[in-house]
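Q: The sequence and its predicted three-dimensional model are supplied below.
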Amino acid sequence: MSGTPKADSRPLSPHLQVWRFHATMLASITHRITGAGLYFGTLLITAWLVALASGPEAYTRVEMIAFSVPGQLILFMWAVAILYHFANGIRHLVWDGPGLGFSPKVASLISIFNYAFAIVGAAALMAAAALS
Amino acid sequence: MSKSPFVTPAKTTRGLGASKTGTSHHIRQRVSALALIVLVPWFLFSIMSAALGGYADAVAWIGSPLNATLLVLTAGAAFYHMRLGMQAVIEDYIGKTGTRAALLILNTFFAAGLFVAVVMSVIRVWAG
């Protein structure tokens, strides 16, 4: 092998077990978890559209599931996931583009804001849907 | 790692990993994200009003050309974006070559299949 045994100085990808807990590391992990959740969540939205295209009977069946208690719980979790991934995704774009928000303090604050935005926003959406 | 002194380290890793597709993957992920910044808020508000009014309202919603266009755009950007994201997850966690390849293919089929299901549903509602 050529080269020195010392590893190069480029940053390594974050492996879960070597990170001390902090808000930004949790935000990064949550971004991936919500992304994976939304991946499978598209099955539900597609099912809604396919039922709509299939006619009133199929649509009523999907509506009954969506408005049931487990259905509402899943919709709430989906709303939290998409709002979180949306907010934290914008933060990633700001990191990649203008390169702002890297200081630990700001990064932590934005991480906490993203969690709050997702939970409060999803609750607001569910409340708006229930009241209309 | 090969024991032969004539095989360079580069030779043993060539063809593994991203193999020069990493940059385009990164850019595609972000360009689709930019599109979704506009499309996702529209989708959330739009689908909420469409889904709360029952079957007739939902059909009328898709019946609007603007809504149908934005819906297909949202589906296209979202399925493209999530396929790229899931590809990164699979490449990070699945080391075994065969399993990894199988999951990467499934990932593409999943995204493409759902996109076609969305488009066909819109067409079917339009054909009424």
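A: Arrived safely, thanks for sending. Residues are numbered from 1 along each chain as shown, chains lettered A, B, ... in the order given.

Q: in the chain, which ranges drop under the pLDDT threshold?
A: Went with chain A since none was named. For chain A, the stretches flagged by pLDDT under 70 are A:1-16.

Q: not quite, I wanted chain B
A: Low-confidence segments of chain B, defined by pLDDT under 70, span residues B:1-3, B:15-19.

Q: Could you tell me which residues make contact with B:Trp126?
A: B:Ile62, B:Gly63, B:Ala68 (C-beta atoms under 8 Å, 6 or more residues apart in numbering or on different chains). (C-beta placed from N, C-alpha, C; glycine too.)

Q: which parts of chain A sit against chain B?
A: A:1-3, A:13, A:32, A:35-36, A:38-39, A:42-43, A:45-46, A:48-50, A:52-54, A:56, A:59-60, A:63, A:66, A:79, A:82, A:86, A:89-90, A:92-93, A:96, A:125, A:128-129, A:132 (C-beta under 8 Å from any C-beta of the partner chain).

Q: and with 7 Å instead?
A: By the rule C-beta under 7 Å from any C-beta of the partner chain, the part of chain A lying against chain B is A:1-2, A:32, A:35-36, A:38-39, A:42, A:46, A:49-50, A:52-53, A:56, A:59, A:82, A:86, A:89-90, A:93, A:96, A:125, A:129, A:132.

Q: Could you tell me which of those count as buried?
A: Burial by neighbour count, 16 or more other C-beta atoms under 10 Å in any protein chain shown: within the residues of chain A next to chain B this picks out A:35, A:38-39, A:42, A:46, A:49-50, A:52-53, A:59, A:82, A:86, A:89, A:125, A:129.

Q: of all the residues you listed, which two lie farthest apart?
A: Within these, two members stand farthest from each other by C-beta to C-beta: A:Tyr59 and A:Gly89, at 31.4 Å.

Q: quick one: the helices in chain A?
A: Along chain A, counting by DSSP state H, helices occupy A:23-54, A:56-67, A:69-96, A:104-131.

Q: buried residues in the shortest one?
A: Neighbour-count burial for helix A:56-67 flags A:Tyr59, A:Val62, A:Glu63, A:Ala66 (criterion: 16+ other C-beta under 10 Å).

Q: do the last one as well
A: Residues of helix A:104-131 classed as buried by neighbour count (16+ other C-beta under 10 Å): A:107-108, A:110-111, A:114-115, A:117-118, A:121-122, A:125-126, A:129.

Q: angle of it against helix A:69-96?
A: Per axes from the mean of the first three to the mean of the last three C-alpha atoms, to 10 degrees, the angle that helix A:104-131 makes with helix A:69-96 is 150 degrees.

Q: on that earlier part again, same list as before, the helices of chain A that is, but in TSV and with distance to B:Ala75 included.
A: Rendered in TSV, the data for those read as follows (distance: least, C-beta to C-beta, whole Å):
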stretch	distance to B:Ala75
helix A:23-54	8
helix A:56-67	17
helix A:69-96	14
helix A:104-131	20
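
Q: hang on, B:Phe79 packs against B:Leu114?
A: Yes - because the distance of 5.9 Å satisfies C-beta atoms under 7 Å, B:Phe79 is recorded as touching B:Leu114.

Q: Find residues that contact each of these two.
A: Both B:Phe79 and B:Leu114 are contacted by A:Thr42, under the criterion C-beta atoms under 7 Å, 6 or more residues apart in numbering or on different chains.

Q: what does chain B have sitting close to chain A?
A: Applying C-beta under 7 Å from any C-beta, one finds that chain B approaches chain A through B:9, B:30, B:33, B:37, B:40, B:48, B:52, B:55, B:58-59, B:62, B:78-79, B:82, B:85-86, B:89, B:114, B:117-118, B:121, B:124-125.
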